[in-house]
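Student: Could you work out the structure for the sequence below:
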Amino acid sequence: MKKLPLLEETSLAVFFALFGVLSFLLLKFFSIEPGIKFFILTLSFHVFLLIFSKFLRWFTPYKIWKFLIPLSLLLVFPDWFLSTVLGVLVFPEDGLFKIGTVSGYMAGLWAIPLFILIYTGIKLEERSVSIFGTCLWIAMLSLLIFGGAEACSWMLNSWYAQNVTQVKGIALYVLIPEMILGVVSYLAYQGFSQSHFLVQVGIGFLIMIQYLGSLSFFYLVIERIF
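Tutor: Numbering: from 1, shown residues only. Below you'll find the predicted structure:
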């Protein structure tokens, strides 16, 4: 059956709108531990995305999801490094299990913003935006999404930065690494979305190492040199 891109885009937009409403209601009106809330929301995203992908024939969203699963799991390690080695990131007790010092929901949470970034990049290229322009848009959208998450995290009692330069709750050293992460994830998906899953796991490991390295570099530059 021929895929209908517009139908996929519209139904996916509805999916994210409903997920946004669910997130607001759960975070605002349910008095349970914040870690449990994030775990429920993260698990709901993955489960319902798979269900919708199957019944609505979302081929591209499913491919993106499959590519991001190993990467999302691996991105626990940079957070673990920041919280344990540098001591600049804190995951308070939130009622959920920890992976090292990192709240368990983070293993799946990374996939949500990265999914948005990769899908946006695909649609921009389909509309004949140049690769340079697409990467620039992804970098700016990464800054908006990740910067917004950093700014709001203290209100949600999730994670927070300490002992680093901050502006309105946003740690400055993470901004450029997060922009790079968005762009690199998109380029890696475009290059390896058709590869064997084990190859994608390897690519996810390389992206994680790149992100960990860029966090360390910009921490050194912003917090120690300047």
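Student: Which pLDDT value goes with residue 154?
Tutor: Here the pLDDT value assigned to residue 154 is 72.
Student: Just say helix, strand or coil for it.
Tutor: Under DSSP: H, G, I helix; E, B strand; the rest coil, the three-state class of residue 154 is helix.
Student: so how many other residues sit close to it?
Tutor: 12 (other C-beta atoms under 10 Å). C-beta: built from backbone N, CA, C; applies to glycine.
Student: I'd say residue 118 and residue 68 touch.
Tutor: Yes. Judged on C-beta atoms under 8 Å, residue 118 makes contact with residue 68 at a distance of 7.5 Å.
Student: where does this structure dip in pLDDT?
Tutor: The chain contains residues with pLDDT under 70 at 1-6.
Student: Next one: the residue nearest to the spatial centre of it from residue 69, what distance?
Tutor: With distances taken as C-alpha atoms, centre = their mean, the residue of the chain nearest its centroid is residue 110 (3.1 Å). To residue 69, residue 110 is 10 Å away according to C-beta to C-beta, to the nearest Å.
Student: re earlier: of residue 118 and residue 68, which one has the most company?
Tutor: Taking neighbours as other C-beta under 10 Å, residue 118 and residue 68 compare with residue 118 leading, 27 against 24.
Student: Would you quantify the distance from that one to residue 222?
Tutor: For residue 118 relative to residue 222 (C-beta to C-beta), the value is 27 Å.
Student: Noted, bye for now.
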